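Participant: Compute the structure for the input listed below.
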Amino acid sequence: MSYILCCLATWYQDFDMSGNLSYPTPAAFGLASFRDLLPKRAALPGEPAALFAPFREQLLASLEPASPYECVLADGIVELEWELQQHRRMRDEAIRKSLVGLIRDAWRKVLGQRHEAVLDAEWEEWIEAGKKEADFVQRPIDREQADFEALQMSQRAVADDVEVAAAAHAECTAAGISLISLLSDAHTGHKPEYRFHEDKLVDLENRRRRLMTDYRGLQDNRAMSARVVSK
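Facilitator: Residues are numbered from 1 along each chain as shown. Presented below is the predicted three-dimensional model:
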């Protein structure tokens, strides 16, 4: 594959008057830059649209394509890298969704245990006061309020605000909730969307690696300083 790419790249080269091989300039095509050949890309819903243009520009600058064909390959690398980043974001979002449910359930259990502890204390106080056991009425937990508080805790725990999340993590830890265990459960749970993104990441990383190998081979075999020897 690398040999084919090198041959195609050589096809784009021109001879100058001194016999040196050189790459054509963008001006020869009426372009300010060969990057103008690359198609525009519209961001998909959910992607950080404002970040794609600078992301593409910076990566293309670091890849330093020097011909139209190198620009096409370099843009392919950029697209693969962008897709990798988006699948990582989608995978992480799937983990967050799982964590919201796991933390909510764990905090609901904590609230239930706290309610039971209050009932036990009230029972002890009732008995010590010499009141009849049969007259003691257990107050049921307010499930609607418990669900609301559990959901709030789970949302705070995965919040983007570092301080808000840290405070929620401290509360969970103090209540005996192992967040690392819940994170493990979120990763190992049977979540089809999570597994899809994991598999997609492996595929994209392999494709990027192969394309990058070909691209670097193309650059290494540039005939920028070659000279034609006449017989």
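
Participant: sec struct for the most far-flung residue of the chain relative to its centre, please.
Facilitator: The centre of the chain is farthest from one residue, Gly130, which by C-alpha atoms, centre = their mean lies 62.2 Å away. Under DSSP: H, G, I helix; E, B strand; the rest coil, Gly130 falls in the coil class.

Participant: Phi, psi for it please.
Facilitator: phi 80, psi 20 (degrees, to the nearest 10).

Participant: which stretch of helix or strand covers Asp120?
Facilitator: helix 68-128 (DSSP states H and E).

Participant: should've said Ala167
Facilitator: helix 162-174.

Participant: ok, back up a step: please work out the average pLDDT along the helix holding Asp120.
Facilitator: What helix 68-128 shows for mean pLDDT is 91.

Participant: Only alpha carbons, please: show the following helix or strand past that helix as PDB.
Facilitator: Helices and strands here follow DSSP H and E; after helix 68-128, the next one along the chain is helix 143-157. What follows is helix 143-157, C-alpha atoms only, in PDB (Å, rounded to 0.1, in the frame of the first residue of the first chain):
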ATOM      1  CA  ARG A 143     -40.700   7.500  48.800                       C
ATOM      2  CA  GLU A 144     -41.400  10.400  46.500                       C
ATOM      3  CA  GLN A 145     -39.000  12.600  48.500                       C
ATOM      4  CA  ALA A 146     -36.400   9.900  48.800                       C
ATOM      5  CA  ASP A 147     -36.500   9.300  45.000                       C
ATOM      6  CA  PHE A 148     -36.100  13.100  44.500                       C
ATOM      7  CA  GLU A 149     -33.100  13.300  46.800                       C
ATOM      8  CA  ALA A 150     -31.500  10.200  45.300                       C
ATOM      9  CA  LEU A 151     -31.800  11.600  41.800                       C
ATOM     10  CA  GLN A 152     -30.400  14.900  42.900                       C
ATOM     11  CA  MET A 153     -27.400  13.200  44.500                       C
ATOM     12  CA  SER A 154     -26.700  11.100  41.400                       C
ATOM     13  CA  GLN A 155     -26.800  14.200  39.200                       C
ATOM     14  CA  ARG A 156     -24.500  16.100  41.500                       C
ATOM     15  CA  ALA A 157     -22.100  13.200  41.500                       C
END
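
Participant: buried ones in helix 143-157?
Facilitator: Residues Ala146, Glu149, Ala150, Leu151, Met153, Ser154, Gln155, Arg156, Ala157 are the ones in helix 143-157 that count as buried (16 or more other C-beta atoms under 10 Å). C-betas here are computed from N, CA, C, even on glycine.

Participant: Right, I'll call it a day here.
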